[in-house]
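# have a look at this prediction, sequence included:
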Amino acid sequence: MALTLHILTGPMYSSKSSRLLSILNSHSALLKRTIKPSVDTRAPGLIKSRTGSQHRADFSVQSLSSVPLPSASTPSTLYAIDEVQFFEDLLTFHDDFFNKARQVGGSHTLLLAGLDLDFNRRPFGKLLELATRSIIHSEVTRSNVDVVGTADTVIVERLSARCSFITTTSRGGERCNAPALFSQRIAGGDSLVLIEGEGEGRYAPYCHRHHQVI
Ligand SMILES: [Zn+2]
């Protein structure tokens, strides 16, 4: 039995969806389920990366409670969820997923991609909370205490983009290009809704030197 939680996070433009799709395509699970929030209306029915790769979304939903959990008839599953910052019930789904997976046996992976922070470096959605909790639980698991509702293996990948801040030099404008860990809001509205792609021109990836809380 192998229960794995794999988290892909980072700022906008850090290729989270692209990495999710590449893991999805190469994974050997017998049943793969793809899930995205219905609030993301850029590409209906699809999980789509900025680089152009895409995969159909089996579930385009407002809440994860409508996604069926692993069952005894599906001993090897991969659930891939994109834009997880929009799912309020992420923690509940995570717990239910691993409880059920442990019950039915087999090999089950929950692969999550989403923003960890909003443009003001505040935790966005439940992903950071989930990562922290899962890591602490997995420490307990390693000491041979059987912990339900959590994975045996937890992988957290924090991806970065390239800082797009332009510095004016004597030769003209020069792009910073340092690893960018944050999303900078550069124009428009007070909305907290950061949907990758939809924010084109309104958000940019900035490094820790150039990112400003506004
Ligand atoms: Zn920079």
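Sure thing, it's come through.

# got the contact list for the most centrally placed residue in the chain?
Averaging the C-alpha coordinates of the chain gives a centre point, and the residue nearest to it by Cα atoms, centre = their mean is Ala113 (1.5 Å). When contacts are counted by Cβ atoms under 8 Å, 6 or more residues apart in numbering, Ala113 touches Ile7, Leu8, Thr9, Lys16, Ser17, Arg19, Leu20, Ala80, Ile81, Asp82, Glu83, Val84. C-beta: built from backbone N, CA, C; applies to glycine.

# what comes up buried for the one helix or strand it maps to?
Taking DSSP states H and E as the criterion, Ala113 maps to strand 107-114. With burial defined by 16 or more other Cβ atoms under 10 Å, the residues of strand 107-114 counted as buried are Ser107, His108, Thr109, Leu110, Leu111, Leu112, Ala113, Gly114.

# out of those, which touch the ion?
Among the buried residues of strand 107-114, no residue lies close to the ion (Cβ under 5 Å from the ion).

# pLDDT added to those, as CSV?
Shown next, in CSV, are those (pLDDT from 0 to 100):
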residue, pLDDT
Ser107, 96
His108, 97
Thr109, 98
Leu110, 98
Leu111, 98
Leu112, 98
Ala113, 98
Gly114, 97
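
# from those residues, which is closest to Asp58?
Nearest to Asp58 among these, counting by Cβ to Cβ, is Leu111 at 13.6 Å.

# distance of the closest one relative to Gln54?
Separation of Leu111 from Gln54 (Cβ to Cβ, to the nearest Å): 16 Å.

# so in this protein, where's the weakest helix or strand by average pLDDT?
The weakest-scoring helix or strand in the chain, judged by mean pLDDT, DSSP states H and E, is helix 127-142 (a mean of 75).

# tell me which helix or strand comes right after it.
Following helix 127-142 in sequence, per DSSP H and E, is strand 153-158.

# touching the ion at all, stretch 160-172?
Yes: counting by Cβ under 5 Å from the ion, the ion has neighbours in stretch 160-172: Cys163, Phe165.

# need the residues of the chain near the ion, please.
Cys163, Phe165, Cys176, Ala178, Cys207, His210.

# the second one against Gly173, yeah?
No: counting by Cβ atoms under 8 Å, no contact exists between Phe165 and Gly173, whose distance comes to 10.0 Å.

# so these two - more neighbours on which side?
Between Phe165 and Gly173, Phe165 has the larger neighbour count (other Cβ atoms under 10 Å), namely 20 against 8.

# show me the contacts for the closest residue to the more buried one other than its chain neighbours.
Distance criterion Cβ to Cβ, 6 or more residues apart in numbering; nearest residue to Phe165, sequence neighbours excluded, is His210 at 3.9 Å. His210 sits next to Cys163, Phe165, Cys176, Ala178, Gln184 when contact means Cβ under 8 Å, 6+ apart.

# buried ones among those?
The buried subset of the contacts of His210 (16+ other Cβ under 10 Å) comprises Cys163, Phe165, Cys176, Gln184.
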